[in-house]
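J.: below are the sequence and a predicted model; questions follow.
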Amino acid sequence: MKSPAVVNFAPEAGSVELREFARPEPGPEDVILAVEAVGVCGSDLHQWHSTHSWKVNYPVVLGHEFGGTIAATGRAVKAWREGDRVVSETAAVIDPDSPLSRAGLYNLDPTRKGFGYGVDGAMTRYVRVPARCLHRVPAGLAMEQAALTEPCCVAYNAVINNAKILPGDRVIVLGPGPIGILCAAMARLAGAQVALVGLERDKSRLEKAKAYGCEVIIGDATAWAKARDGLGVDGVIDAAGASAALKAALELVRPNGWISKVGWGPQPLNFSLDPLVQKNITLQGSFSHNWPVWERVLALLASGQLDVRPVLGGIWALESWHEAFEKMHRGDIVKAVLKPA
């Protein structure tokens, strides 16, 4: 059986197209998931435009934010049954014996390969998933919302695990993409006063952050950063990735403050890191997520404490992937979801 799939087939810009993709067979510890919803990530757009900075195993089916129903199970799978509604983590291949994996930090395993770049992802009807990656979708949570668990987990890890937020802190988030907006939402859940900062072209996406109780700033955020006592904000979350964003973060954060960097960017810095030393700033990288993060985020989604509907810009059939990609790339919407069925 073959189904359409959105395939990144070569490293050149624009090398994404709809192709026929055979339904995979499960290994002993795998399931086959009938994909019901798959989110479009900024990394999918980067691979489409060949602006990414990670190794891609061409050709590869895109898509790593997904959920669906188990259609088949491998012979060694005991905890899951056909018909279970699930979402999947992204670490499709890990070394279970590495020290990091044994410590529960398999997301940092150097041999890790993820869906959508290292192995075939979910922008198709059926995807093979290791059973260890699965989490049950809470009853009542729509699959198009559950499919966005993954970017929420990225935000949770950057804001809750890898930052030092205390209730009442003033926090700036740089970059109003999907991760930036969700980081702002997480910081609000943690009790911070939050400003999301972007450019003039980001106006429509910045508006979405207001649904989470955030202030929005176009351009220079210095006045907001220094409004309390003139020293700067307690923390900055860099979800933009460009080197200019890190330079701005160093200027906006107060002495002894922190920066959590979750945005990717291949550009060289071209500026001095002396302010990091002079101001005694903690600079923390944040990558991916692990099992406890997924369980907590799903609990937040199920309870309604976290609502992804403000960032969901629309649902498209898989065959209309190009329109969905374009709308996200132009900034018309924050997040697109594709429906393979």
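T.: Ah, there it is.
J.: let's see the distance spanning stretch 161-172 from one end to the other.
T.: One end of stretch 161-172 to the other measures 17 Å (Cα to Cα, to the nearest Å).
J.: and for stretch 3-18?
T.: End-to-end for stretch 3-18, by Cα to Cα: 10 Å.
J.: same check on stretch 25-41?
T.: 26 Å.
J.: now it: buried residues?
T.: 26, 30-41 (16 or more other Cβ atoms under 10 Å). C-beta here means a position set from N, CA and C on the backbone, and glycine is covered the same way.
J.: please point out which parts of stretch 137-149 sit buried.
T.: Val137, Leu141, Met143, Glu144, Gln145, Ala146, Ala147, Leu148, Thr149.
J.: typo on my end, it should be stretch 233-247
T.: 233-242, 245-247.
J.: mark which of those are part of strands, please.
T.: Val233, Asp234, Gly235, Val236, Ile237, Asp238 (DSSP state E).
J.: can I get the residues you listed in JSON lines with pLDDT?
T.: Converted to JSON lines, these look like this (pLDDT from 0 to 100):
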{"residue": "Val233", "pLDDT": "98"}
{"residue": "Asp234", "pLDDT": "98"}
{"residue": "Gly235", "pLDDT": "98"}
{"residue": "Val236", "pLDDT": "98"}
{"residue": "Ile237", "pLDDT": "98"}
{"residue": "Asp238", "pLDDT": "98"}
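J.: farthest pair within the buried residues of stretch 25-41?
T.: Pro26 and Val40 (26.0 Å; Cβ to Cβ).
J.: any chance of the ones in strands among the buried residues of stretch 233-247 in CSV with distance to Leu199 as columns?
T.: As requested, those are exported to CSV (distance: Cβ to Cβ, whole Å):
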residue, distance to Leu199
Val233, 19
Asp234, 24
Gly235, 21
Val236, 17
Ile237, 17
Asp238, 15
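J.: of all those residues, which two lie farthest apart?
T.: Asp234 and Asp238 (14.6 Å).
J.: so which of the ones in strands among the buried residues of stretch 233-247 is the closest to Pro310?
T.: Distances from Pro310 to these, taken by Cβ to Cβ, are shortest for Ile237, at 18.1 Å.
J.: how much space is there between the closest one and Val87?
T.: Distance, Ile237 to Val87, using Cβ to Cβ, to the nearest Å: 24 Å.
J.: what's the answer for Pro26, then?
T.: For Pro26, the distance to Val87 - Cβ to Cβ - is 18 Å.
J.: also Leu100?
T.: Taking Cβ to Cβ as the measure, Leu100 falls 23 Å from Val87.
J.: compare the two (neighbour count), which wins?
T.: Val87 (28 against 16; other Cβ atoms under 10 Å).
J.: SS state for Gln305?
T.: coil (DSSP: H, G, I helix; E, B strand; the rest coil).
J.: to what extent is it buried, counted in neighbours?
T.: Based on other Cβ under 10 Å, the number of other residues close to Gln305 is 10.
J.: so how far is the helix or strand hosting Leu276 off the chain centroid?
T.: If you go by DSSP states H and E, Leu276 is part of helix 274-278. Distance of helix 274-278 from the chain centroid (Cα atoms, centre = their mean, to the nearest Å) equals 30 Å.
J.: make 406 the starting number, not 1.
T.: In the new count, where the first residue is 406, that last one comes out as helix 679-683.
J.: which one of the buried residues of stretch 638-652 is nearest Asn567?
T.: Closest approach to Asn567 among the buried residues of stretch 638-652 (Cβ to Cβ): Ile642, at 9.4 Å.
J.: show the contacting residues for the closest one.
T.: The contact partners of Ile642, by Cβ atoms under 8 Å, 6 or more residues apart in numbering, come to 563-564, 568, 576-579, 585, 588-589, 592, 664-665, 667.
J.: now the two most distant members of these.
T.: Within those, Ala589 and Ile664 form the most distant pair, 15.2 Å apart (Cβ to Cβ).
J.: the two - which one has more neighbours?
T.: The neighbour comparison of Ala589 against Ile664 (other Cβ under 10 Å) goes to Ala589, with 32 against 23.
J.: report the inter-axis angle for the host helix or strand of the more buried one versus strand 638-643.
T.: Per DSSP H and E, Ala589 falls inside helix 583-594. Here helix 583-594 runs at 150 degrees with respect to strand 638-643, directions being taken by axes from the mean of the first three to the mean of the last three Cα atoms, to 10 degrees.
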